[in-house]
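Q: Turn this into a model:
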Amino acid sequence: MRMCIVHVFRLLAAMVVTAALCVDTGSASSASDAVPPGCSAWPAAAAFCTGPPSNFEKGIGYPAAGGEAGPSTTSEVECCCACAASADCNGWTLNGADKKCFLKTRAGPSTQEPSKSAVSGLMPPRPPPPPYIPKYPTPAGAKNVLFIAVDDMRPSLGAYNFTLPGQPTHSPNLDKLATEGLLFTRAYVQYAFCSPSRNSFMTGRRPDTTGVWEFKDHFREEGVGADWVSMPEFFKQYGYLTLGGGKLYHPASATENIGMPDNDYPASWSPEYPYFLPDDDLGSQATCADQGPVRYPAHSPPAEKGEKFAWCEVDIAKEASVLYGQQVRDNCIDHLKLAKNISLVGSARPFFIGCGFHKPHAPYYAPKEFFDRLPPAEEVPLPHDPFAPVGMPMVAWHPYADVAGMVEDPPFNGTVNMTRLHIYRRAYYAAISYTDYNIGQILEALDTLGLAQNTVVVTFGDHGYQLGEHDTWSKMTNFELGVHIPLIIRAPWMSNSIGKETDVLAEMVDTFPTLAELAGLPDPRFIAGTEGINGTSLVSTFIDPTNTSIKTAAFSQFAKNNIGTSVDCQFFRNETQLMGYTIRTDEWRYTAWFRFDNSDAGWGPHFGKVFLNESLGTELYDHRGDTGKWLDWPGENYNLVNETEHASLVEELHGRIVHFIQLK
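A: Sure, this is the predicted structure:
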């Protein structure tokens with residue numbers, strides 16, 4: 001039934017449009033005179049906004065955290081039509097006494113709050129835009145792409161030699177995928193934070209090119225990348241059906257990715273099929289069989305999206321379609337069925353389907369069954385070294401984030417609450433197991449539909465994660481754990497790659513040209529709109545997985561808006577004060593932190609100014625012998641940058657970072 005939901009909405013929209021148009025000429029003329037311009041191009045909205053009072057709800061309103069301010073007015077019709085004029089608005093609230101009109105975005109909370117003087121309305125389904133006309137012909141034999149992104153997932157998987165006491169594996173489906181595809185042991189994101197990382201790999205451009213180092217800016221801004229062709233858009237230009245759901249781009253709101261079309265719809269996606277946004281609120285309404293402490297301290301504002309607890313054993317079946325991840329799973333399967341049906345009734349059309357899972361992002365919610373599979377919390381191993389690296393410059397450190405109750409006194413290298421450390425790590429692994437199950441259901445559907453042999457499957461984490469290592473929790477560092485990710489790509493027709501591993505130094509900016517070549521499309525570096533991408537195709541490793549000579553280094557970076565240790569993700573790019581660049585070679589990781597001035601810089605390839613002579617700290621970590629399958633690699637517990645025996649190495653790696661910066 002869920003497969004048909006998009007088509008039901010489209011049919012209802014068409015029926016409303018027809019009803020609005022089937023009025024006598026005189027009535028239509030007089031009505032249009034009274035309708036504000038925002039509704040003039042959308043008959044269904046005009047009929048709704050100027051319809052009977054029963055269309056609206058009184059004494060209730062949408063929370064201001066999920067949208068933006070509309071016009072100053074006391075008119076319900078004007079506020080409603082302002083919503084109609086905004087492509088991302090699907091609901092509105094008017095407080096007539098204050099002349100405040102609020103426009104709810106599609107991604108905003110759907111739960112309303114009591115407000116005596118408020119009037120609200122939920123807009124009818126928008127009529128679908130016309131189908132996209134491809135820019136280029138689809139190459140013969142083009143392959144499909146199934147693109148699965150997982151938020152905050154580090155390589156804590158069986159395929160990466162990670163197990164829990166008494167457990168064969170908590171990630172059986174991803175482990176199985178690794179036996180059928182190519183596992184990258186040393187894959188790295190370009191930024192250990194959700195929005196900058198996603199702006200980077202969805203465009204194939206590094207953070208210094210997108211100019212996105214925090215949550216407020218985005219690549220689609222005028223003068224930045226408004227005319228860039230994103231990765232899914234590139235496939236769309238070649239006639240692909242591009243469908244998306246869940247968290248792929250970082251969601252847009254009044255405070256994050258400000259002004260960006262939510263999930264880059266319709267630019268990245270086939271416009272006739274709306275991007276799927278799960279209902280965030282359903283998960284928070286589920287009952288916890290057991291739960292952790294309140295996620296945020298009492299003095300903090302309420303947790304966004306209704307997320308109250310740091311972790312929750314949700315009392316719900318794994319097959320349900322209630323939680324965010326379950327909705328993403330079901331929609332992804334629906335999209336696969338839709339793509340199959342379109343090819344059956346018409347000419348064969350390849351697809352690019354993106355599915356974005358939110359867990360194991362905090363709070364760590366999963367059906368109770370996934371907690372029950374794991375050992376008791378006290379048996380879950382702790383970090384081998386919970387302290388910051390010896391000799392680490394303080395600029396490199398990040399305080400605990402995402403969960404409450406972890407920091408004692410003193411906050412740096414103090415006594416962490418070990419009981420909570422056990423519990424939170426167990427909850428994180430349960431959330432991974434839950435997402436692994438959902439991915440397994442998608443892969444099973446792909447096979448059942450007969451699509452697996454002609455589909456590239458890629459699954460990965462959007463950045464790494466610290467679970468108490470280095471005296472920190474969450475992402476937001478340049479340490480190996482912050483930027484190292486799991487990456488598995490299955491291309492069944494590349495027989496030499498099946499069940500193999502590669503130690504090539506891979507970067508997430510490489511996925512764009514790699515997927516394009518695997519699918520049989522032209523090299524995007526030589527196509528208008530994508531000629532500026534920074535990645536390198538890794539397809540030669542599918543021919544020979546032992547070939548690690550493609551790249552000699554992987555680069556990542558992290559920005560801060562102050563010289564202290566605290567980090568605020570809610571700052572604009574022109575407030576950046578320092579930037580840390582890190583290079584990972586075959587045997588070493590070197591990081592250099594510089595003062596950064598972006599206060600009056602314009603756009604372009606040299607956006608912002610790095611003061612190369614004003615170093616705020618450097619780090620050198622030994623990775624000799626690191627296979628990429630040891631999360632607690634001891635070589636990052638000691639900063640060797642001041643050891644005289646490594647002086648020439650430090651000089652060499654510092655020079656490579658400076659060269660990298662000057663090339664940006």
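Q: okay, CA-based contacts and neighbour counts for the rest of this
A: OK.
Q: And the helices in the stretch 51-200 of the chain?
A: 76-85, 172-180, 194-201 (DSSP state H, counting those that start in this stretch).
Q: Please enumerate residues in contact with the first one?
A: Here helix 76-85 makes contact (Cα atoms under 8 Å, 6 or more residues apart in numbering) with 35-39, 42, 45-46, 49-50, 70-71, 73, 89-94, 101-104, 119, 121, 123.
Q: Among the residues you listed, name the buried ones.
A: Using 16 or more other Cα atoms under 10 Å as the burial test, the contacts of helix 76-85 include 35-39, 42, 45-46, 49-50, 70-71, 73, 89-94, 101-104, 119, 121, 123 as buried.
Q: Show only the entries of those found in strands.
A: Judged by DSSP state E, these include 70-71, 89-94, 101-104, 119, 121 as members of strands.
Q: May I see these arranged in TSV, with distance to Lys359 and pLDDT as well?
A: Shown next, in TSV, are those (distance: Cα to Cα, whole Å; pLDDT from 0 to 100):
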residue	distance to Lys359	pLDDT
Gly70	33	88
Pro71	37	89
Cys89	26	84
Asn90	26	84
Gly91	27	89
Trp92	30	91
Thr93	31	91
Leu94	35	92
Cys101	34	91
Phe102	30	89
Leu103	28	89
Lys104	25	85
Val119	35	91
Gly121	32	90
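Q: Going by distance to Val509, which of those residues wins?
A: Of all these, Cys89 has the smallest distance to Val509: 31.9 Å, by Cα to Cα.
Q: Quick check, the closest one in contact with Lys104.
A: Yes: under the criterion of Cα atoms under 8 Å, Cys89 makes contact with Lys104 at 5.4 Å.
Q: and the strand of greatest length in the chain, what's its mean pLDDT?
A: Criterion DSSP E: the longest strand present in the chain is strand 609-622. Averaged over strand 609-622, pLDDT sits at 92.
Q: tell me which residues of it are tucked away?
A: Per 16+ other Cα under 10 Å, strand 609-622 contains these buried residues: Lys609, Val610, Leu616, Gly617, Thr618, Glu619, Leu620, Tyr621, Asp622.
Q: Identify the residues contacting the second one.
A: Yep, that's Val610 we're talking about. Counting by Cα under 8 Å, 6+ apart, Val610 has contacts Met579, Phe594, Arg595, Phe596, Asp597.
Q: Please repeat the previous calculation with a cut-off of 6 Å.
A: Neighbouring residues of Val610 by Cα atoms under 6 Å, 6 or more residues apart in numbering: Phe596.
Q: Please report how far it lies from Thr169.
A: Relative to Thr169, Val610 is positioned 45 Å away (Cα to Cα, to the nearest Å).
Q: Show me the shaky parts of the stretch 101-250 of the chain.
A: By pLDDT under 70, the weakly predicted segments of the stretch 101-250 of the chain are 106-111.
Q: Kindly apply the preceding question to the stretch 401-550 of the chain instead.
A: In the stretch 401-550 of the chain (pLDDT under 70), the answer is 405-410, 414-416.
Q: mind listing the strands for it?
A: For the stretch 401-550 of the chain, the strands defined by DSSP state E, counting those that start in this stretch cover 455-461, 466-467, 473-474, 484-490, 500-502, 506-507.
Q: hang on, the earlier thing: would you tell me what the next helix or strand after the longest strand of the chain is?
A: helix 647-663 (DSSP states H and E).
Q: count of residues packed around Phe184?
A: 25 (other Cα atoms under 10 Å).
Q: wait, it sits on Ile485?
A: No: in this structure, Phe184 is not within contact of Ile485 by Cα atoms under 6 Å, at 8.9 Å.
Q: The nearest residue to Ala445 once chain neighbours are set aside: which element?
A: In this structure, Ala445 finds its nearest non-sequential neighbour in Ile333, 6.5 Å apart by Cα to Cα, 6 or more residues apart in numbering. Here Ile333, judged by DSSP H and E, is contained in helix 324-345.
Q: Could you do Phe234 as well?
A: helix 231-237.
Q: Determine the set of other helices and strands touching that helix.
A: The contact analysis (3 or more Cα pairs under 6 Å, 6 or more residues apart in numbering; DSSP states H and E) places helix 231-237 against no helix or strand.
Q: Quick check: what element follows that helix along the chain?
A: Assigned by DSSP H and E, the successor of helix 231-237 is strand 241-246.
Q: Okay, His358 and Thr209: tell me how far apart.
A: His358 sits at a distance of 26 Å from Thr209 (criterion: Cα to Cα).
Q: With Asp523 instead?
A: For Asp523, the distance to Thr209 - Cα to Cα - is 20 Å.
Q: which one of those two has more residues nearby?
A: Shown here are Asp523 and Thr209; by other Cα under 10 Å, Thr209 has more neighbours (22 against 17).
Q: Double-check that that one belongs to a helix.
A: Yes: counting by DSSP: H, G, I helix; E, B strand; the rest coil, Thr209 falls inside a helix.
Q: distance of it from Ser200?
A: Distance from Thr209 to Ser200, by Cα to Cα: 8 Å.
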